[in-house]
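Chemist: Sharing a sequence plus its predicted fold:
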Amino acid sequence: MKKQCKLIGKFFGESFKQGKSKSIICCLAMLILTLISASLPVVLQRIIDDAIVNKNINTLFVYGGIYVGSMAAIVILNIVQQYNLSYIQAKITIRYKFLLLKKLSAFSGSYYSEQKSGEILNIIDNDTDVVENYGIDLVFDFVRNIITAVFAFYMLINLQRTVLYIIIGIQIFTVFVQTKFSKVLAEKTVEIRKQSGKVYNIVEQYMSNILTIIIAKAQRYFLTQYLKTEREFAQKGIRLDVLFSISSQSAAFLSGLITILVYILGGIEIIRGHMRFGELIAFQQYTVMFIGPCMGMLKINENIQRLYVSLDRIYGFLETPSEIVQNNKGWKISDNIFELELNKVNFGYSDKNVLKDISYCFRPGRVYALVGSTGCGKSTILNLLYRLWDVDTGEIIIDGKNIKEYNLFSLRKHIAIVSQNTFLIDDTIENNITLKNPNVNRKDLIAVCKEMDLDDFIQKLPEGYKTNVGENGVKLSGGQRQRIAIARMVLQSKNILVFDEATSALDNITQEYVLENIKKYLKNKVVIMVAHRLSAIKKADEILVLNDGKLVETGNHKALLKQQNYYYRLVEEGSSL
């Protein structure tokens, strides 16, 4: 309970900061609305007892005008309150989604490999929706219900105490029943959220890999898994809906029971001459005003349970510590890097040592190639350099400083990576290359595209550089996607350039053309290449040969062939380099 109050209090405090002025306007509108609404039964009583019963037309028009004016004020205030509430809700939701997406990029590679993306998507999508729908409203509903219930109770006790005591007795029983339901509903809601995450995970996997799944003929497997998980989700949802229905219908029955008791007991009082008809109508309306907030408080309790579950997941995600310390106050990398060094680097995943005592120094202006059999640690070195993981022992050094001493954003800002699996956004070719960088001019863009053998192809398209590539570049060939990614890297002009199978989708002639043309852009850069094609590796100034996580040979292509060791055997056997 203490954790729940602390978490919800934290949420409301942050929400108020997001829109102080609009929160104050909402509070004022809510207070005035509540007071006007609470006074309407008295006005109605006056209309009946003072105007209609006494046949006083002037009084009828006066109180009728007051009633209509009050209703008009309620309409206007409701609109004002709703506008400001919607603004605050939207701002809060956008903020949470932004923080969640930002946090998502701060984790280490191990987090991404262990967590299911569907569950994360469920937090970003569903849980933020719960916060938007139930969050800030709870404060205003709570205060409004308290004020309304207190005012109604005061009026009821002055109108008819005996009937009020009976109503309170029934209401206490109702609260007891609804409280029991609330506990069960909270538990079932948590189960629903977990099951929803499983459904999201399957759908996300299916959509992200649809072409691969079709080729592998794995549709039946995924659809079977989806139906099984979705049916479990539906069954739990049905049970939850039934519980909600029982809860609400029980409350409705008891509310109806109170209403008829008011009319029966009030009618008896009128017959005995102890109450006027207008007072009975006012009493009935104040009864509704008293019961409504009491039941509303129970509903608020249910919504608090939902809100808490979602907030717990959101803050749990946001407060999850990353294995990679960002070091926001660390050093910033200079525009010119003079040396990149691996010093006795050891690294392993949970079940396997991948790199063993790797030491090497990379210098700007030279092209380095990492070669070796599959699983020897080539891509792992790149991941460590980008700090998706941190080394177990040893260190990676840039210009004399451990990369952990640098600001993580600054480090990654100076590294550009093009991998075999290129990333393209659902936008134009131009925006995919420039990423809407205002510092890139049209002349440079076209020049780079010509060097990448892209310009002729682009100019033949009906919309040229404004052609949309589709989701993840689905409208382009694999080679075109890779050349766009390389063009993007060249324009970014980073200090460390990494080609991880970046030309695997290009034919030999195109690869030769592209590699030859980008040489002019590689001056004073540290260039590291991972490739399996001998034609690409031969162009490297220095080849680092890895075997079983160890650096076993270094040298250029000709020198390594002369040594006739491991590299020579790889070339002779035609193995993947």
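Modeler: Okay, I see it. Just so you know, these numbers come straight off a predicted model, no measurement behind them.

Chemist: Report how many residues lie close to Gly470.
Modeler: Neighbour count of Gly470, defined by other CB atoms under 10 Å: 13. All C-beta atoms are positioned from the backbone trio N, CA, C, and that covers glycine.

Chemist: can you check Arg387 too?
Modeler: A count of neighbours around Arg387, defined by other CB under 10 Å, yields 23.

Chemist: you'd agree it is up against Leu408?
Modeler: Yes. Contact criterion CB atoms under 8 Å: Arg387 and Leu408 qualify, at 6.2 Å.

Chemist: Please enumerate the shared neighbours of these two.
Modeler: Ile324 (CB atoms under 8 Å, 6 or more residues apart in numbering).

Chemist: where along the stretch 51-200 of the chain do the helices fall?
Modeler: 57-104, 109-114, 117-122, 128-134, 137-159, 161-208 (DSSP state H, counting those that start in this stretch).

Chemist: now swap in the stretch 451-577 of the chain and tell me
Modeler: So, for the stretch 451-577 of the chain - with DSSP H, counting those that start in this stretch - the helices run 455-459, 478-492, 508-517, 534-537, 557-563, 566-573.

Chemist: for those, which one sits closest to Val53?
Modeler: helix 478-492 (83.0 Å; CB to CB).

Chemist: weakest of the helices of the stretch 51-200 of the chain by average pLDDT?
Modeler: Ranked by mean pLDDT, those bottom out at helix 109-114, which scores a mean of 72.

Chemist: Can I get that helix as PDB, trimmed to CA atoms?
Modeler: The C-alpha trace of helix 109-114 is given here as PDB (Å, rounded to 0.1, in the frame of the first residue of the first chain):
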ATOM      1  CA  GLY A 109      23.000  -5.600 -25.800                       C
ATOM      2  CA  SER A 110      22.300  -8.200 -23.200                       C
ATOM      3  CA  TYR A 111      19.000  -6.500 -22.300                       C
ATOM      4  CA  TYR A 112      17.800  -6.600 -25.900                       C
ATOM      5  CA  SER A 113      18.700 -10.200 -26.300                       C
ATOM      6  CA  GLU A 114      16.900 -11.300 -23.100                       C
END
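
Chemist: what comes up buried for it?
Modeler: Gly109, Ser110, Tyr111 (16 or more other CB atoms under 10 Å).

Chemist: what's near enough to touch Ile415?
Modeler: Contacts of Ile415 by CB under 8 Å, 6+ apart are Leu385, Tyr386, Lys494, Asn495, Ile496, Val498.

Chemist: Export the helices of the stretch 51-200 of the chain as TSV, with columns for distance to Gly330.
Modeler: Listed next are the helices of the stretch 51-200 of the chain as TSV, based on distance: least, CB to CB, whole Å:
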stretch	distance to Gly330
helix 57-104	19
helix 109-114	20
helix 117-122	28
helix 128-134	32
helix 137-159	40
helix 161-208	34
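
Chemist: Figure out which of those helices is closest to Leu35.
Modeler: helix 137-159 (7.8 Å).

Chemist: For the closest one, C-alpha coordinates in PDB please.
Modeler: The C-alpha trace of helix 137-159 is given here as PDB (Å, rounded to 0.1, in the frame of the first residue of the first chain):
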ATOM      1  CA  ASP A 137      -8.900  12.200 -14.000                       C
ATOM      2  CA  LEU A 138      -8.700  10.400 -10.700                       C
ATOM      3  CA  VAL A 139      -7.600  13.500  -8.800                       C
ATOM      4  CA  PHE A 140     -10.500  15.600 -10.000                       C
ATOM      5  CA  ASP A 141     -13.000  12.800  -9.600                       C
ATOM      6  CA  PHE A 142     -11.800  12.100  -6.100                       C
ATOM      7  CA  VAL A 143     -12.100  15.800  -4.900                       C
ATOM      8  CA  ARG A 144     -15.400  16.300  -6.700                       C
ATOM      9  CA  ASN A 145     -16.800  13.100  -5.100                       C
ATOM     10  CA  ILE A 146     -15.700  14.200  -1.600                       C
ATOM     11  CA  ILE A 147     -17.200  17.700  -1.900                       C
ATOM     12  CA  THR A 148     -20.400  16.400  -3.500                       C
ATOM     13  CA  ALA A 149     -20.900  13.600  -0.900                       C
ATOM     14  CA  VAL A 150     -20.200  16.000   2.100                       C
ATOM     15  CA  PHE A 151     -22.600  18.600   0.800                       C
ATOM     16  CA  ALA A 152     -25.300  16.000   0.000                       C
ATOM     17  CA  PHE A 153     -24.900  14.500   3.400                       C
ATOM     18  CA  TYR A 154     -25.400  17.800   5.000                       C
ATOM     19  CA  MET A 155     -28.600  18.500   3.100                       C
ATOM     20  CA  LEU A 156     -30.000  15.000   3.700                       C
ATOM     21  CA  ILE A 157     -29.500  15.200   7.400                       C
ATOM     22  CA  ASN A 158     -31.400  18.400   7.500                       C
ATOM     23  CA  LEU A 159     -34.200  17.100   5.300                       C
END
